[in-house]
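In: let me see the structure of the following:
(chains A and B)
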Protein chains: 2
Amino acid sequence: MEKVKAFAPATVANVSCGFDILGFALDSLGDHVILSKNDEKVLRVISIKGDGGRLPLEADKNTCSIAIRAMLDDLGSDQGFDIELEKGLPLGSGMGSSAASAVAALVAVNELLGNPYPKNELLPFAMEAERAACGTAHADNVAPSLLGGFVLIRGYKPLDVIKLSVPDNLTCTLLHPNYQLNTSDSRSVLKDRIPLKDAITQSGNVAGLVAGLFQSDYALISRSLEDVIAEPYRASLLPGFDEVKKAMLELGALGLGISGSGPTLFILSEGKEKHEHFVQKAKEIYDNLGLSLKAYFSRINTKGGFVIQ
Amino acid sequence: MEKVKAFAPATVANVSCGFDILGFALDSLGDHVILSKNDEKVLRVISIKGDGGRLPLEADKNTCSIAIRAMLDDLGSDQGFDIELEKGLPLGSGMGSSAASAVAALVAVNELLGNPYPKNELLPFAMEAERAACGTAHADNVAPSLLGGFVLIRGYKPLDVIKLSVPDNLTCTLLHPNYQLNTSDSRSVLKDRIPLKDAITQSGNVAGLVAGLFQSDYALISRSLEDVIAEPYRASLLPGFDEVKKAMLELGALGLGISGSGPTLFILSEGKEKHEHFVQKAKEIYDNLGLSLKAYFSRINTKGGFVIQ
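Out: From the prediction side, this is the model:
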């Protein structure tokens, strides 16, 4: 095989009380990579669509080629590849854009090379791409994008990634209001030290969320979707956050949180029925703030990145 | 019915990474209460066995009668009862002694009155007894003693108690070295504020523990049984803690932690095979410190407190 196309999904990291340890994958929304072998022992990003010209074509800066390079170095291979990237995700939105590109590239290259790695062993290479894109080799976007479902990153020393159960009818609405947010601002508002009682509250909530996922207990999931560590500090960076959250909960959302470090917000619900209500109301609120809104509906992707052809 | 006997089990609270939010119940170890109606509209503790004379007979100080009083007040009943308490648990050991007495009393009185409350609704009355015994109305001993199994206290406002899954072959060894420990000392060594990264580590571990319980994944349970919030500070109050922990892990314990606020230590394992090895080695270590040791083996009680006759 000389050419392959792969898809990897968008992801929601942090997941409210799952700050820094949980992420989940979205259906349909995501990036495509078309990968072809070349004979010149080089990695070349030959085209990028859907990024508005914002992503770098240089192989040492693009997350696709960085991820592939990390894998080839591990394999000791000097095979060259031409990379075509089709972005299906807005950049800098908090939906795991860089992660989806890296994972799609890795799934493709693994396939072209005859699958030298089981899927989960591609993770460290994707994390190298995250290090280049975001400054830290975090796994809470790349792990769900690669593996699908709800994923726990228990820890990094050593890396310990656990797929959790996902209730059949758990759905997600994404609200992406049109403004830019600097990830480093989102980091800098966090406190280095937090009250012990907040840490215990967060522990209780994340334990409740995990139990709710395994028991398909939507009410428990809802009660548990509260973040006392990051959201209280980050909310002030997000225009309309408090109003939107209150309105969505009143409309029957199980919970609402910041996707990654924002500006996208995720809403978890039981079923699709309320999606249009959420979007209509959120549009009203953001309209009043002079912000346009893109909204997406998604089930939870349980498959992760995969080869299309 | 005029007289009834009830049992309630010992419990392990805190459970390592589950500091302040998790507890589990033990088989066989626990307290018995024999309760009889009297015609004098008073609560009387008429006998206590097994406490070495240390527990109060005054009805306003004993956790059995305090718990019963809280329930009768809620019911608006002036029925009187005579209480006989048989302690099967060492006092002040960190095995939920006061909780077991209160729960056994509540299970008995509920039965004698024709079960006006479903079992889980007895919890607030047991928590009142804990408030009297320990200064705070915590639920992490009374909830598992009442309900059995592994119990999550997600939060207190409002009280949210969730029974978790328990792997069939999960077993517990308790090591109770012979020294006294002041609960208020155990509290005072904790920090009011902790590093954010420690809170995240703890969240990851408790999420891993809950996932491991639901998936019967003993290796994951083992990796998750690490407490970075309380144990590092409390260990110094516990003679031999570090040495015992290291030795037990080397002998194949899934994990070891402080039961409640100690001095008892709990070991979780898969099956009974290693219990004798744990006890033998622990005895050696405590012997060298001039401390005698009582050890107990228990499966996880999944039934909670119950009426015997």
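
In: for chain B, what are the nearby residues on the stretch 151-300 of chain A?
Out: A:152-155, A:160, A:162, A:164-165, A:190-196, A:198-211, A:214-215, A:220, A:223-224, A:229 (C-beta under 8 Å from any C-beta of the partner chain). Just so you know, the C-beta spots here come from the backbone N, C-alpha and C atoms, and that holds for glycine as well.

In: list buried residues within the residues you listed.
Out: Buried subset of those (neighbour count, 16 or more other C-beta atoms under 10 Å in any protein chain shown): A:152-155, A:160, A:162, A:164-165, A:194-196, A:198-211, A:214-215, A:220, A:223-224, A:229.

In: just the ones of those in helices?
Out: Cross-referencing these against helices under DSSP state H gives A:196, A:198-211, A:214-215, A:220, A:223-224.

In: those strands in the stretch 51-200 of chain A, which residues are they?
Out: For the stretch 51-200 of chain A, applying DSSP state E, counting those that start in this stretch gives strands covering A:80-86, A:150-156, A:159-163, A:170-177, A:193-195.

In: save those as TSV, and put in mean pLDDT too.
Out: As requested, the strands of the stretch 51-200 of chain A are arranged in TSV below (pLDDT from 0 to 100):
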stretch	mean pLDDT
strand A:80-86	97
strand A:150-156	97
strand A:159-163	97
strand A:170-177	98
strand A:193-195	97
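
In: as a markdown table, those strands with distance to residue B:144 would be great.
Out: Listed next are these as a markdown table, based on distance: least, C-beta to C-beta, whole Å:
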| stretch | distance to residue B:144 |
| --- | --- |
| strand A:80-86 | 52 |
| strand A:150-156 | 24 |
| strand A:159-163 | 24 |
| strand A:170-177 | 29 |
| strand A:193-195 | 26 |
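
In: need the helices for the stretch 1-150 of chain A, in chain order.
Out: Counting by DSSP state H, counting those that start in this stretch, the stretch 1-150 of chain A has helices at residues A:63-75, A:97-112, A:123-134, A:142-147.

In: looking at the ones you listed, which is closest to chain B?
Out: Nearest of the helices of the stretch 1-150 of chain A to chain B, taken as C-beta to the nearest C-beta: helix A:142-147 at 12.6 Å.

In: okay, now residue A:280: neighbour count?
Out: Residues near residue A:280, counting by other C-beta atoms under 10 Å in any protein chain shown, number 11.

In: and it, how far from chain B?
Out: Applying C-beta to the nearest C-beta, to the nearest Å, the value for residue A:280 to chain B is 32 Å.

In: wait, a helix at that residue?
Out: Yes: the assignment for residue A:280 (DSSP: H, G, I helix; E, B strand; the rest coil) places it in a helix.

In: list the contacts for it?
Out: Residue A:280 makes contact with no residue, according to C-beta atoms under 8 Å, 6 or more residues apart in numbering or on different chains.

In: what packs against the helix or strand of chain A with the lowest mean pLDDT?
Out: The helix or strand of chain A with the poorest confidence is helix A:183-188; it has a mean of 81 (mean pLDDT, DSSP states H and E). Using 3 or more C-beta pairs under 8 Å, 6 or more residues apart in numbering or on different chains; DSSP states H and E, no helix or strand is in contact with helix A:183-188.

In: centre of the chain to it, how far?
Out: With C-alpha atoms, centre = their mean, to the nearest Å as the basis, helix A:183-188 stands 17 Å off its chain's centre.

In: isn't residue A:275 right next to residue A:281, touching?
Out: No: using C-beta atoms under 8 Å, residue A:275 is not in contact with residue A:281, being 11.2 Å away.

In: and of the helices of the stretch 1-150 of chain A, who's closest to residue A:35?
Out: Across the helices of the stretch 1-150 of chain A, residue A:35 has its closest neighbour in helix A:97-112 (3.9 Å, C-beta to C-beta).

In: tell me which other helices or strands the closest one touches.
Out: On a contact count with 3+ C-beta pairs under 8 Å, 6+ apart, helix A:97-112 meets strand A:3-13, strand A:22-38, helix A:63-75, strand A:80-86, helix A:123-134, helix A:142-147, strand A:306-307.

In: then that helix to CSV, C-alphas only?
Out: The C-alpha coordinates for helix A:97-112 follow below in CSV (Å, rounded to 0.1, in the frame of the first residue of the first chain):
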residue,chain,number,x,y,z
SER,A,97,-7.5,20.5,16.8
SER,A,98,-3.7,19.8,17.0
ALA,A,99,-4.4,16.4,18.6
ALA,A,100,-6.8,15.3,15.8
SER,A,101,-4.3,16.1,13.1
ALA,A,102,-1.5,14.3,14.9
VAL,A,103,-3.6,11.2,15.6
ALA,A,104,-5.0,11.0,12.0
ALA,A,105,-1.4,11.2,10.7
LEU,A,106,-0.2,8.4,13.1
VAL,A,107,-3.1,6.1,12.3
ALA,A,108,-2.3,6.6,8.6
VAL,A,109,1.4,6.0,8.9
ASN,A,110,0.9,3.0,11.1
GLU,A,111,-1.4,1.5,8.4
LEU,A,112,1.0,2.3,5.6
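
In: quick one: average confidence on that helix?
Out: In this model, helix A:97-112 has an average pLDDT of 97.

In: domain map for chain A?
Out: Annotated domains of chain A cover A:3-164+A:302-307, A:170-299 [automatic domain parsing].
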